[in-house]
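Enquirer: Here is a sequence with its predicted model. Questions after.
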Amino acid sequence: MLRIAVPNKGSLSEPATTMLKEAGYRTRRTGRELVLVDQDNDVELFFLRPRDIAVYVGQGTVHAGITGRDLLLDSGVEALEHLPLGFARSTFRFAAPAGTMRSLEDVVGKRVATSYDVLVRNYLESQGVQASTVHLDGAVESSVQLGVADLIADVVETGTTLRAAGLEVFGEPILSSEAVLITTERYRDEPSLATLVRRLEGVMRARSYVLIDYDVRMNDLHLATAITPGLESPTVSPLQNPDWVAVRAMVPRKDMNRVMDELYEVGARAILVSSLLACRL
Ligand SMILES: Nc1ncnc2c1ncn2[C@@H]1O[C@H](COP(=O)(O)OP(=O)(O)OP(=O)(O)O)[C@@H](O)[C@H]1O
Ligand SMILES: O=P(O)(O)OC[C@H]1O[C@H](OP(=O)(O)OP(=O)(O)O)[C@H](O)[C@@H]1O
Ligand SMILES: [Mg+2]
């Protein structure tokens, strides 16, 4: 039975559970359930702290897990990033009181507060910068004002937390992070893991594509299908009126409105867009 570690708290927890649910797995009924056996899918889900997931996976006690790329790198564990999952996207950055620091050179000899000490120390070392780190569990943004550090290195999504603390990012991003499915060399080729991966990929595809249907005059078909080439080739079906055909194709969700405008321009009508529930391509 495939054992999968799932974040039980924090920013990763809810989207990870939603994604597994969309991939057809059972979800826990209460936040207190620690283990869930999903007999139908032959998997066991372990709800663990996001920070600990790389450790469990690295030890081989679970076959795979969902965590953040930043947490994986900070764990120092030799687990593999198997599949990026496209949610909980963030950057990991240095920040200091507005206007005080511009580049990495300004970090030399300073105290950097962070919850990700290993990640930060490795980065500083790779850049040849000598500085010390101060470990804090969270709310790192307050550390400068409270005098325990000169700058911070932390997760930044919208930047709202930084601004509220009077801080400003500087220098290059240390890392771009998102949720990732991790495993180890030992289990990477397990068939049951491949099934999980295919299902998660199916969810991501279903989220990033929409299905578009429209009718178009036979004479304009080549113009319309050039706009919606689909993945392999669009489906073209006859209509009762022999001058018209119906077309169905997949379109990237982000392009949906532009594609509808362009189709309308070339004479397509009855343009319908629907969401996909799941897909296997
Ligand atoms: N605002 C955010 N936007 C996107 N991802 C985030 C955000 N905050 C944290 N993350 C991601 O969540 C993971 C951190 O997990 P963590 O358990 O620390 O979540 P959390 O929301 O910080 O919860 P808590 O602080 O309550 O433990 C990291 O991969 C991090 O990049
Ligand atoms: O750029 P923003 O959109 O403001 O998001 C980034 C903030 O979100 C996370 O904090 P969280 O709420 O998890 O609190 P924590 O510091 O206690 O982990 C992260 O540690 C940043 O503080
Ligand atoms: Mg946090």
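Expert: Looks like it arrived, so ask away. Ligands and ions are numbered 1, 2, ... in the order given.
Enquirer: Quick check on the closest residue to ligand 1 within the chain: phi, psi?
Expert: The nearest approach of the chain to ligand 1 comes at G68, 1.8 Å away (C-beta to the nearest ligand atom). C-beta coordinates here come from the backbone N, C-alpha and C atoms, glycine included. Per-residue torsions, G68: phi -100, psi 150 (degrees, to the nearest 10).
Enquirer: ok, now which ones touch it?
Expert: 12, 50, 88, 90, 177-180 (C-beta atoms under 8 Å, 6 or more residues apart in numbering).
Enquirer: In TSV: these, plus pLDDT and secondary structure.
Expert: Shown next, in TSV, are those (pLDDT from 0 to 100; DSSP: H, G, I helix; E, B strand; the rest coil):
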residue	pLDDT	secondary structure
L12	98	helix
P50	97	helix
A88	97	coil
S90	98	strand
S177	98	strand
E178	98	coil
A179	98	strand
V180	98	strand
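Enquirer: and these, which are buried?
Expert: Among the contacts of G68, those buried by neighbour count (16 or more other C-beta atoms under 10 Å) are 12, 50, 88, 90, 177, 179-180.
Enquirer: Could you pick out the residues of the stretch 51-200 of the chain near ligand 1 for me?
Expert: By C-beta under 6 Å from any ligand atom, the part of the stretch 51-200 of the chain that sits against ligand 1 consists of 68, 70-71, 88, 90, 138, 155, 157, 177.
Enquirer: at 8 Å instead, please
Expert: 51, 67-71, 88-90, 92, 115, 137-138, 155-158, 161, 177-179 (C-beta under 8 Å from any ligand atom).
Enquirer: Sort out which of these are buried, if you could.
Expert: Looks like those have 51, 67-71, 88, 90, 92, 115, 155-156, 161, 177, 179 buried, using 16+ other C-beta under 10 Å.
Enquirer: among those residues, which two are most distant?
Expert: Comparing all pairs in these by C-beta to C-beta, the longest separation belongs to T67 and T161, at 21.1 Å.
Enquirer: residue boundaries of the helices in the stretch 51-200 of the chain?
Expert: Using DSSP state H, counting those that start in this stretch, the helices of the stretch 51-200 of the chain run over 69-75, 117-126, 160-164, 191-208.
Enquirer: Just the buried residues of the longest one, please?
Expert: Under the neighbour-count criterion of 16+ other C-beta under 10 Å, helix 191-208 has 192-193, 196-197, 199-207 buried.
Enquirer: for stretch 11-31, same thing?
Expert: Buried-residue list, stretch 11-31, by 16+ other C-beta under 10 Å: 11-13, 15-17, 19-20, 22-23, 25.
Enquirer: which residues in the stretch 1-150 of the chain form strands?
Expert: 2-7, 35-38, 43-48, 64-68, 80-84, 90-97, 111-114, 132-135 (DSSP state E, counting those that start in this stretch).
Enquirer: Most tightly packed of those strands?
Expert: Comparing the strands of the stretch 1-150 of the chain by mean neighbour count (mean count of other C-beta atoms under 10 Å), strand 64-68 ranks first with a mean of 29.
Enquirer: That one - which strands sit beside it in the sheet, and in what orientation?
Expert: strand 2-7 (parallel), strand 179-183 (antiparallel) (DSSP bridges).
Enquirer: These: which one's closest to ligand 2?
Expert: It's strand 2-7; of the strands paired with strand 64-68, that one is closest to ligand 2 (C-beta to the nearest ligand atom) at 12.0 Å.
Enquirer: Which residue, other than its chain neighbours, is closest to the residue in the stretch 51-200 of the chain positioned nearest to ligand 2?
Expert: Nearest residue of the stretch 51-200 of the chain to ligand 2 (C-beta to the nearest ligand atom) works out as G138 at 2.7 Å. Leaving aside its chain neighbours, G138 sits nearest to S115 (6.2 Å; criterion: C-beta to C-beta, 6 or more residues apart in numbering).
Enquirer: quick check: domain ranges of this protein?
Expert: Domain ranges of the chain: 2-87+178-189, 90-176, 209-275, per automatic domain parsing.
Enquirer: And the second one, end to end?
Expert: End-to-end span of domain 90-176 (C-alpha to C-alpha, to the nearest Å): 6 Å.
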